[in-house]
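please work out how this folds:
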Amino acid sequence: MLEVKDLYVSYGQSEALHGLSFEAHQNETVAIMGRNGMGKTTLFKSLMGV
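Numbering: from 1, shown residues only. I've put the predicted structure just below:
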């Protein structure tokens, strides 16, 4: 259902996500976990096109 390959996101000169890849299939649950500032919100914003 969702496939992400080599996702790169930057804020100016600061690289927030670099080379992120994952797949989420139908009827599968995927958890995105990490400490504050690890890029969870940036990941979801980039997937939504914000």
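
please enumerate the strands of the chain.
2-11, 14-24 (DSSP state E).

wait, what's in contact with the residue nearest the centre of the chain?
The C-alpha lying nearest the average C-alpha coordinate of the chain belongs to Leu43 (C-alpha atoms, centre = their mean; 3.0 Å). Each residue near Leu43 by C-beta atoms under 8 Å, 6 or more residues apart in numbering is listed here: Leu7, Val9, Leu17, Leu20, Ile32. In short, each C-beta sits where N, CA and C put it, glycine included.

for those residues, which one is nearest Leu47?
Taking C-beta to C-beta as the measure, Leu47 lies nearest Leu7 of the contacts of Leu43, at 8.4 Å.

what distance do you get for the closest one to Leu43?
Distance, Leu7 to Leu43, using C-beta to C-beta, to the nearest Å: 8 Å.

joint contacts of those two?
Jointly contacting Leu7 and Leu43 under the rule C-beta under 8 Å, 6+ apart are Leu17, Leu20.

how far does stretch 27-45 stretch from start to finish?
Across stretch 27-45, the terminal residues are separated by 23 Å (C-alpha to C-alpha, to the nearest Å).

now do the buried residues in that stretch.
Of the residues in stretch 27-45, Gly39, Thr42, Leu43 count as buried by neighbour count, 16 or more other C-beta atoms under 10 Å.

so which of those residues are in helices?
Counting by DSSP state H, the part of these found in helices is Thr42, Leu43.

let me have the buried residues of stretch 27-45 in JSON lines, adding distance to Met1 as columns.
Formatted as JSON lines, the buried residues of stretch 27-45 follow (distance: C-beta to C-beta, whole Å):
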{"residue": "Gly39", "distance to Met1": "22"}
{"residue": "Thr42", "distance to Met1": "21"}
{"residue": "Leu43", "distance to Met1": "16"}
